[in-house]
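1. Any chance you could fold what I've pasted below:
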Amino acid sequence: AKISLEVKFGISIPFVDLNKIYRIKMKNGYVIELPLNSLIDLMVLVKSKKKLDLKISEKNLIIDEKDLIPLDDIKIGIYAYLKGWRYNKTCNIWEYIDGLLSVKFNKINYSTVEVFTDKIYDIERINGEVLDIGGNIGASAIFFALKGAEKVVSIEPLPQIVEEAKRNISLNNLTDKIIIMNAALGKSNGYIDVPIDIDVENSHYFSTDNVLKYRELKTGFAKVPVITVKEVLDRLKEPYLLKMDCEGCEYDVIPSSYDLIRMFKVIFMELHGKKERRAQILKILSQDFNCIILHSSAITSMIRCEHK
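-> Below is the predicted model of the structure:
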């Protein structure tokens with residue numbers, strides 16, 4: 001498919017808005033609107049095949065007359081397709097197969113692709129139970145269950161995302177292994193208001209620290225409980241792995257609950273904020289864990305820690 005782009009890029013612009021929408025017109029007359037990062041994915045897709053037939057229907061991008069990407073999922077769908085995910089048009093679900101590992105999702109986001117295709121939680125076997133903080137739509141919980149976890153307790157504050165996670169857990173027949181709790185994690189009990197209409201894709205970026213931003217957008221809210229690490233651990237008999245990706249809650253939870261955190265044998269954690277603050281958490285964890293930084297940027301670090 002040949003694509004004509006009616007887009008001009010300035011060479012001296014220091015920042016590019018990846019979410020800015022561009023209108024793409026194909027030579028065959030079809031038009032599609034994409035954010036810049038998805039446009040780049042589309043270009044990669046076109047370049048990856050000598051001959052490619054792209055069409056657009058009312059609801060789908062159609063690839064080679066057989067593969068579909070729903071336009072509702074287009075922001076992540078092209079990237080996921082490039083990574084090996086396929087949309088099952090009979091069942092209306094996303095599927096990914098990697099050797100013996102096979103998963104199904106009602107909807108996907110960037111986190112889903114990270115977990116299963118990029119393997120950000122690279123572990124061969126889990127010999128115990130898992131606490132999954134920042135459960136989102138269930139990708140990491142499902143991954144850990146398939147890696148042998150006897151039980152996964154997953155914490156997710158957004159009510160509609162919890163329902164999405166439940167659907168995905170059921171699709172993969174793992175309701176007997178995964179418990180998902182609609183709550184936020186903190187150093188003490190309470191309640192917090194969270195937005196109720198964040199979609200699956202944008203839920204990946206939600207933080208309880210930026211709730212005020214959603215108030216300014218006049219979104220609807222729901223009240224969910226704030227629970228502690230101790231309450232969650234009461235549900236686990238053999239804590240083995242802790243995964244924490246809660247967009248900043250680590251700065252409350254780790255210092256206040258470290259006596260419980262040290263019970264885990266393996267930790268995967270995404271640290272957020274300034275490097276000085278991230279270093280503080282690493283210093284606390286270094287008392288009992290050997291930690292390595294898997295990757296790092298100006299605003300986040302992904303770490304893996306193993307008990308000494």
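
2. Return the residues in contact with residue 82.
-> Residue 82 makes contact with 41, 44-45, 48, according to CB atoms under 8 Å, 6 or more residues apart in numbering. In short, each C-beta sits where N, CA and C put it, glycine included.

3. can you check residue 301 too?
-> Contacts of residue 301 (CB under 8 Å, 6+ apart): 270-271, 275, 278, 293, 295.

4. Can you pull the poorly scored residue ranges out of the chain?
-> Applying pLDDT under 70 to the chain flags residues 1-19, 27-28, 205, 208-219.

5. Skip the chain neighbours and tell me the closest residue to the most centrally placed residue in it.
-> Note on the chain: the residue nearest the mean C-alpha position is residue 111, at 2.3 Å, using CA atoms, centre = their mean. Leaving aside its sequence neighbours, residue 111 sits nearest to residue 204 (CB to CB, 6 or more residues apart in numbering; 4.9 Å).

6. Can you get me a residue count around the one you found?
-> Residue 204 sits with 20 neighbouring residues when counted by other CB atoms under 10 Å.

7. Wait, it touches residue 113, no?
-> No: counting by CB atoms under 8 Å, residue 204 does not reach residue 113; the two are 10.4 Å apart.

8. dump the residue contacts of the residue nearest to residue 111.
-> 109-111, 136.

9. Kindly report the same for residue 175.
-> For residue 175, counting by CB under 8 Å, 6+ apart, the contacting residues are residue 169.

10. Would you mind giving the secondary structure of residue 38?
-> helix (DSSP: H, G, I helix; E, B strand; the rest coil).

11. Residue 179 versus that one, what's the distance?
-> In this view, residue 38 and residue 179 are 34 Å apart by CB to CB, to the nearest Å.

12. Alpha carbons only: can I get stretch 51-68 in CSV?
-> These are the backbone C-alpha positions of stretch 51-68, laid out as CSV (Å, rounded to 0.1, in the frame of the first residue of the first chain):
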residue,chain,number,x,y,z
LYS,A,51,3.2,-6.3,-1.0
LEU,A,52,0.6,-5.1,1.5
ASP,A,53,-3.1,-4.5,1.0
LEU,A,54,-4.6,-2.0,3.5
LYS,A,55,-8.3,-1.2,3.6
ILE,A,56,-10.5,0.6,6.0
SER,A,57,-14.1,-0.3,6.8
GLU,A,58,-16.4,1.5,9.1
LYS,A,59,-14.9,-0.3,12.2
ASN,A,60,-11.7,-1.9,11.1
LEU,A,61,-8.3,-1.6,9.5
ILE,A,62,-8.1,-4.6,7.2
ILE,A,63,-4.6,-6.1,6.4
ASP,A,64,-4.2,-8.3,3.4
GLU,A,65,-8.0,-9.0,3.4
LYS,A,66,-7.7,-11.4,6.4
ASP,A,67,-6.3,-9.6,9.5
LEU,A,68,-8.3,-7.0,11.3
